[in-house]
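J.: got a predicted model here, sequence first, then my questions.
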Amino acid sequence: MKKNIAIIMGGYSSEYQISLTSGNVVFETLIASKYNPYRVHIFKDKWVYVDTNDSEFPIDKNDFSVTVNQSKITFDCVFNAIHGSPGEDGFMQGYFALLNIPHTSCGMHQASVTFNKRDCLSVLKPYGIKTADSYYLNLGDTIDETAIIKKVGLPCFVKANKAGSSFGITKVHKKEDLQNAIDVAFKEDDEIIIESFLDGIEVSVGVITFKGEIKVLPITEIVSENDFFDYEAKYLGKSKEITPARLSKDQENKVNIIAKKVYKALKMTGFSRSEFIFKNDEPHLLEVNTIPGLTKASILPQQAAAAGISMSDLFENAIEEALKNEH
């Protein structure tokens, strides 16, 4: 019997369009496989199964089922392709845990911690993971520009704390531009993290559980045409992504060990992609993504391909790992 797989996509954040693209790639890839894939759009105003004719059928949130032509369909596993809220911040993970439905992403606690950049860096600090100097602001706090610059220096990065895909991020070169950058970040979130600029090689490291083993994928070097790896660089082709990265053997070993350490320290499952910048030859962690992009052009599938793992192997393995961990 083929298992029914719900591919959840969309979400409530600025990233919903990218998520739909990722989800459709998963759907197209799984169509020819040993599963029955179903596209499920998750939006604030509707949760619907979308069939191949783009007809929509409402999801029953009581048990995450759908009724099509008087026939009730339930799902054996959920493939999570939602970037941002509610798929990457723990809400969907908690919901599926309550319903006892296996899913391909990490657990609720891991999703919640990693989605909150400040919390994630704080949790990892005792493990000796190096990070940039940072300054925290919440909406309504008094903004002391002198204190901020004294702590992080210039240039610095102003980031929304809980937003993915480079939304709400500004690189600030001059003190007079700081307030505007803070306003931009507060449009995305009511918490901000301001970090010192690390001038060095930027890399993205995919770590997955593959066939029961934690596997670090070939590293990608990010070379942005823009001032940093912003939304345009990430999604509109304004960057070069070089896999494998042009690192020395020593740099490669260091970042591999740290990326694996992060995955294990957080007790991660499923996909993860950690971003690092080398400063004085030491990798400094920027953030951890738990629902990375899954299109052919996305970094994690590129890394998997470099490791000899096809898209179908990557996605099918994620489902098999989720089913295996079913309690």
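T.: Ah, there it is.

J.: show me where the stretch 1-150 of the chain has its strands.
T.: 3-10, 35-43, 46-50, 56-60, 65-68, 71-73, 77-80, 134-138 (DSSP state E, counting those that start in this stretch).

J.: scratch that, the stretch 151-300 of the chain is what I was asking about
T.: Using DSSP E, counting those that start in this stretch, strands in the stretch 151-300 of the chain cover 156-160, 169-172, 191-196, 202-210, 213-216, 220-224, 239-242, 272-279, 282-289.

J.: would you reformat the ones you listed as a markdown table and include distance to residue 307, mean pLDDT and mean neighbour count?
T.: Where C-beta positions appear, they are placed from N, C-alpha and C, glycine not excepted. Conversion of the strands of the stretch 151-300 of the chain to a markdown table gives the following (distance: least, Cβ to Cβ, whole Å; pLDDT from 0 to 100; neighbours: other Cβ atoms under 10 Å):
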| stretch | distance to residue 307 | mean pLDDT | mean neighbour count |
| --- | --- | --- | --- |
| strand 156-160 | 30 | 93 | 25 |
| strand 169-172 | 29 | 91 | 20 |
| strand 191-196 | 30 | 95 | 22 |
| strand 202-210 | 9 | 97 | 24 |
| strand 213-216 | 8 | 98 | 15 |
| strand 220-224 | 12 | 89 | 18 |
| strand 239-242 | 15 | 86 | 16 |
| strand 272-279 | 14 | 96 | 23 |
| strand 282-289 | 18 | 95 | 21 |
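
J.: closest one to residue 180 among the ones you listed?
T.: Closest approach to residue 180 among the strands of the stretch 151-300 of the chain (Cβ to Cβ): strand 169-172, 7.5 Å.

J.: partners of the closest one in the sheet?
T.: strand 156-160 (antiparallel) (DSSP bridges).

J.: pull the residues that contact the strand it pairs with.
T.: 117, 132, 148-149, 167-172, 178, 181-182, 184-189, 191-197, 228 (Cβ atoms under 8 Å, 6 or more residues apart in numbering).

J.: pLDDT score for the closest residue to residue 7 other than its chain neighbours?
T.: Once flanking residues are discounted, residue 7 sits nearest to residue 79: 4.5 Å by Cβ to Cβ, 6 or more residues apart in numbering. On pLDDT, residue 79 comes in at 98.

J.: ok, now residue 267?
T.: Taking residue 267 on its own, its pLDDT is 97.

J.: ok now do it, which residues does it touch?
T.: 107, 110 are the contacts of residue 267 under Cβ under 8 Å, 6+ apart.

J.: and for the residue nearest to residue 77 when sequence neighbours are not counted, the neighbour number?
T.: Of all residues not flanking residue 77 in the chain, residue 102 sits nearest, at 4.7 Å (Cβ to Cβ, 6+ apart). With neighbours defined by other Cβ atoms under 10 Å, the count for residue 102 comes to 18.

J.: circling back to that earlier point, which of the strands of the stretch 1-150 of the chain sits most buried?
T.: strand 77-80 (a mean of 26; mean count of other Cβ atoms under 10 Å).

J.: please report the distance of residue 27 from residue 40.
T.: Distance, residue 27 to residue 40, by Cβ to Cβ, to the nearest Å: 10 Å.

J.: same check, this time on residue 260
T.: In terms of Cβ to Cβ, residue 260 sits 32 Å off from residue 40.

J.: can you give me the helices in the stretch 1-150 of the chain?
T.: Secondary structure of the stretch 1-150 of the chain (DSSP state H, counting those that start in this stretch): helices at 16-31, 91-99, 108-115, 117-124, 145-152.

J.: so what touches the second one?
T.: Right, the one you point to is helix 91-99. In contact with helix 91-99 (Cβ under 8 Å, 6+ apart) are residues 8, 42, 63-64, 78, 80, 82, 85-86, 102-103, 105-108, 111.

J.: sort these by pLDDT and name the bottom one.
T.: Out of the contacts of helix 91-99, that is residue 85, at 93.

J.: wait, it touches residue 10, no?
T.: No. In terms of Cβ atoms under 8 Å, residue 85 does not count as a neighbour of residue 10; the distance is 10.8 Å.

J.: quick check: closest non-adjacent residue to residue 211.
T.: Per Cβ to Cβ, 6+ apart, closest to residue 211 is residue 317, 6.6 Å.

J.: check residue 119 too.
T.: Residue 119's closest residue in space is residue 113 (Cβ to Cβ, 6+ apart), at 5.2 Å.

J.: check residue 104 too.
T.: Of all residues not flanking residue 104 in the chain, residue 318 sits nearest, at 4.2 Å (Cβ to Cβ, 6+ apart).

J.: now do the same contact list for that neighbour.
T.: 79, 104, 208, 270, 271.

J.: all good on my end, thank you.
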